[in-house]
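> just the structure for this:
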Amino acid sequence: MPRTNTMDNVRMWTQGVPVEEAAVQQIRNIASLPILGGHVAIMPDVHVGKGATVGAVIPTRGAIIPAAVGVDIGCGMVALRTTLKASDLPDSLATLRAQIEGDIPVGFTAHRQPLRPQGGGATGDLLQRRIESLAGRYASLRIMLRVGKYDSERVWRQLGTLGGGNHFIELSLDEEQTVWVMLHSGSRNVGNTIGEVAIATARRIAEREQRQLPDRDLAWLSAGTAEFDEYVEGLNWAQDYAALNRDLMLELVVRALQQFFRCDVVVRDVAVNCHHNYASLEEHFGDALWVTRKGAVSARSGQLGIIPGSMGTRSFIVRGKGNPAAYHSCSHGAGRKMSRSEAKRRFTRADLAQQTAGVECRKDAGVVDELPAAYKDVDAVLLAQRDLVDVVHSLKQVLCVKG
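Numbering: from 1, shown residues only. Predicted coordinates:
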């Protein structure tokens, strides 16, 4: 059951998981907003975010808080199981990691030319139709008119690219020693741009209307206004862009595996593809509410989701239990235990190498802030939400690509 809390309109699934005081204050701030359409649900991976905590499910009536959605709109995970086994893997995965890093741009880089699906057949045709549909919708996105000069060509060269930070591509082994492909990414620069424009617009409106806010990043856009409609249009587009971005990278990884192993790598399941930074109009407790999942995943009854740990730990494929008190949600990962700057102050490359032993991955100073000790204990995070999800598969990383 959720931990009892002094805030009447907050439910927290954080038993046995530390929650920093700054995050508690952000939760109080969210809980004080007049636009709330019910209680706030806090997931066990909760930590400080921009305005609102990461790991929060926020129901609002007739409004959306752009900063609560965040700037990496539609960021999420995708995973699929292959026919490869641990016994098929070579002793060293360095060459395979280099091939994946060569095929999929990471960090701020992009493809030299817009990506065209090469898988052929129905899958390739569907991916191409999704690209064309996004392009047609992009041309009429009203929120982009607020940006001014923008490199629209870059939007299409960044489709099928990873990004940086905590985004990753992994090969993992499940309990039967079967190889899975898993990756984490979002809507790249264009999603960031849409998010930043909406956040700035919401702040201006709040100032103009002299709203008393506990945090300027909790400013909202109200339904029925042109600004709200423009944002929702951009929001839905960016969420679709992010999902397609992951699917295109998945195709590139599978192709890299086929080239490396010189055989067909058969995919055994339909990919699990889920957002964890988004908003959608849903019905809960008889009301139509905008539900923002900021670092949270939809976990309706029977719905599959992904809860990653960190480099060197474990990740999980989960099945939702559809808990109404959590708005049918679960955590999106282990959650950070400390900031990136704090992790870089406290840990070294030697710590990173020790904590990622057995995983083929970067072990340089640029990713020290992503070492396992910077994250909460994923097993404790799973235990705290046992009434939200069941574990279907437990995955252990053997290869990790970081931006």
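> report the contact partners of the residue nearest to the spatial centre of the chain.
The residue at the geometric middle of the chain, judged as the C-alpha nearest the mean C-alpha position with CA atoms, centre = their mean, is G76 (2.9 Å). Taking CB atoms under 8 Å, 6 or more residues apart in numbering as the criterion, G76 is in contact with 184-186, 242-243, 246, 273-278, 297, 332. Placement of C-beta: from N, CA and C, glycine included.
> and the helices in the stretch 101-250 of the chain?
Here the stretch 101-250 of the chain has its helices, by DSSP state H, counting those that start in this stretch, at 121-138, 152-157, 188-208, 226-261.
> got JSON lines for the ones you listed, with mean pLDDT too?
As requested, the helices of the stretch 101-250 of the chain are exported to JSON lines (pLDDT from 0 to 100):
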{"stretch": "helix 121-138", "mean pLDDT": "90"}
{"stretch": "helix 152-157", "mean pLDDT": "96"}
{"stretch": "helix 188-208", "mean pLDDT": "97"}
{"stretch": "helix 226-261", "mean pLDDT": "96"}
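> now these in JSON lines, with mean neighbour count?
As requested, the helices of the stretch 101-250 of the chain are exported to JSON lines (neighbours: other CB atoms under 10 Å):
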{"stretch": "helix 121-138", "mean neighbour count": "14"}
{"stretch": "helix 152-157", "mean neighbour count": "16"}
{"stretch": "helix 188-208", "mean neighbour count": "20"}
{"stretch": "helix 226-261", "mean neighbour count": "20"}
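> circling back: identify the bridge partners of the residue nearest to the centre of the chain.
With DSSP bridges as the criterion, G76 is bridged to S185, H275.
> save the contacts of G76 as a markdown table, and put in distance to Q259 too.
As requested, these are arranged in a markdown table below (distance: CB to CB, whole Å):
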| residue | distance to Q259 |
| --- | --- |
| H184 | 23 |
| S185 | 22 |
| G186 | 27 |
| A242 | 26 |
| A243 | 25 |
| R246 | 20 |
| N273 | 24 |
| C274 | 28 |
| H275 | 30 |
| H276 | 31 |
| N277 | 32 |
| Y278 | 34 |
| V297 | 32 |
| H332 | 32 |
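> list only buried entries from those.
Neighbour counting with 16 or more other CB atoms under 10 Å marks 184-186, 242-243, 246, 273-278, 297, 332 as buried within the contacts of G76.
> closest one of those to V367?
Checking the buried ones among the contacts of G76 against V367 by CB to CB gives H184 as the nearest, at 14.0 Å.
> what's the distance between the closest one and V318?
Remark: distance between H184 and V318 (CB to CB, to the nearest Å) = 15 Å.
> now stretch 182-193 - C-alpha only, CSV.
Once side chains and other backbone atoms are set aside, the C-alpha atoms of stretch 182-193 remain, and they are given as CSV (Å, rounded to 0.1, in the frame of the first residue of the first chain):
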residue,chain,number,x,y,z
MET,A,182,16.6,-2.5,-25.3
LEU,A,183,16.9,1.3,-25.9
HIS,A,184,15.9,4.5,-24.3
SER,A,185,15.5,7.8,-26.2
GLY,A,186,13.1,10.6,-27.0
SER,A,187,12.1,13.3,-29.4
ARG,A,188,15.6,14.9,-29.8
ASN,A,189,16.1,18.6,-30.5
VAL,A,190,12.7,19.2,-32.0
GLY,A,191,10.8,17.8,-28.9
ASN,A,192,13.1,20.0,-26.7
THR,A,193,12.2,23.0,-28.8
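> that one: how far from the chain's middle?
On the basis of CA atoms, centre = their mean, to the nearest Å, stretch 182-193 sits 8 Å off its chain's mean C-alpha point.
> numbering from 684 from now on, please.
Yep, numbering from 684; the last one is stretch 865-876 now.
> setting the sequence-adjacent residues aside, check what's closest to D755.
With CB to CB, 6 or more residues apart in numbering as the criterion, D755 has its nearest non-adjacent residue at 4.0 Å, and that residue is G869.
> so what's the one you found scoring on pLDDT?
Each residue has a pLDDT score; the one for G869 is 96.
> A902 too?
98.
> isn't it up against R891?
No - proximity of A902 to R891 does not meet the contact threshold set by CB atoms under 8 Å, at 10.5 Å.
> any idea how far A818 is from the residue nearest to the centre of the chain?
Counting by CB to CB, the gap between G759 and A818 amounts to 21 Å.
> any idea which of the helices of the stretch 784-933 of the chain gets closest to S984?
The closest of the helices of the stretch 784-933 of the chain to S984 is helix 909-944. By CB to CB, the value is 21.9 Å.
> angle of the closest one against helix 871-891?
With axes from the mean of the first three to the mean of the last three CA atoms, to 10 degrees as the basis, helix 909-944 and helix 871-891 are set at 160 degrees to each other.
> relative to D771, which of the helices of the stretch 784-933 of the chain is closest?
Scanning the helices of the stretch 784-933 of the chain with CB to CB as the criterion, the closest one proves to be helix 909-944, at 6.7 Å.
> specify the local secondary structure of the nearest residue to H1076 once chain neighbours are set aside.
Across the structure, with CB to CB, 6+ apart as the measure, the residue nearest H1076 apart from its sequence neighbours is I1000 (4.0 Å). The three-state label given to I1000 by DSSP: H, G, I helix; E, B strand; the rest coil is strand.
> is I1000 bridged to anything, and to what?
I1000 has these beta-bridge partners by DSSP bridges: I989, H1076.
> tell me the contacts of it?
Going by CB under 8 Å, 6+ apart, I1000 touches 762, 955, 987-989, 1074-1076, 1078.
> which intervals of the chain have sub-threshold pLDDT?
When residues are selected by pLDDT under 70, those of the chain lie in 684-689, 802-805, 951, 953.
> kindly recompute the last result at 90.
Applying pLDDT under 90 to the chain flags the ranges 684-691, 799-809, 829, 831-832, 848, 945-956, 993-995, 1086.
> neighbours of M1021, how many?
Here the neighbour count serves as a burial measure; for M1021 (other CB atoms under 10 Å) it reads 18.
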